[in-house]
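Novice: A structural model of the following input is requested.
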Amino acid sequence: MSAIKSILQDVLDKAHKGHIYITDENKHNVPEDWRIELVGDCDSFAMWCRHELRLLGIDSTLVFCGVNKPSGDHLVCATLDGWILDNRHKWVTSRDDLNYHWISLLKDGDWHSINR
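Specialist: Model (predicted):
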């Protein structure tokens, strides 16, 4: 395993160890609430991973994707070289190995459509 992938896996392992899945509706009484925390849904998980990677000096972004259908229903943390940290997977995975429909990514504070 490469050094960077090992670091990414360590962050993902730490996230999975502390993550407790609960919907925003149940936790915050709203349909959608984005907070950097490990008690929450995929948004919270992805944002926590991105925050941890930033502390380590690793650039990453948030990617909105469709998992069970082409429309968006999931958020992951992605490194700029294509590694995905995802609450649905225990292992760091290449974006090319995931059967997700990539919709948009966060860049410079704005969401940008992905043509893929």
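
Novice: which helices and strands does the helix or strand hosting residue 84 pack with?
Specialist: Secondary-structure assignment from DSSP states H and E places residue 84 in strand 83-85. If you count contacts as 3 or more Cβ pairs under 8 Å, 6 or more residues apart in numbering; DSSP states H and E, strand 83-85 packs onto helix 3-18, helix 42-55, strand 74-79, strand 93-94. Quick note: C-beta positions are derived from backbone N, CA and C, even for glycine.

Novice: Between the ones you listed, which one is closest to residue 67.
Specialist: strand 74-79 (4.5 Å; Cβ to Cβ).

Novice: Need the contact partners of the closest one.
Specialist: 4, 8, 42-43, 45-47, 49-50, 53, 58-67, 84-86, 88, 95, 100, 105 (Cβ atoms under 8 Å, 6 or more residues apart in numbering).

Novice: quick one on the thing from earlier: looking at the helices and strands packed on strand 83-85, which is buried most?
Specialist: Mean neighbour count (mean count of other Cβ atoms under 10 Å) peaks for strand 74-79 among the helices and strands packed on strand 83-85, with a mean of 23.

Novice: Render the CA-only coordinates of that one in CSV, please.
Specialist: Extracted in CSV, the C-alpha atoms of strand 74-79 (Å, rounded to 0.1, in the frame of the first residue of the first chain):
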residue,chain,number,x,y,z
HIS,A,74,-25.0,10.4,-1.1
LEU,A,75,-21.9,12.5,-0.2
VAL,A,76,-18.3,11.2,-0.1
CYS,A,77,-14.9,12.7,0.6
ALA,A,78,-12.5,12.5,-2.4
THR,A,79,-8.8,13.2,-2.7
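
Novice: for the protein, which spans come out with low pLDDT?
Specialist: Within the chain, the stretches falling below the threshold (pLDDT under 70) are 70-72, 115-116.

Novice: So for it, the centremost residue is which one?
Specialist: Note on the chain: the residue nearest the mean C-alpha position is residue 76, at 2.2 Å, using Cα atoms, centre = their mean.
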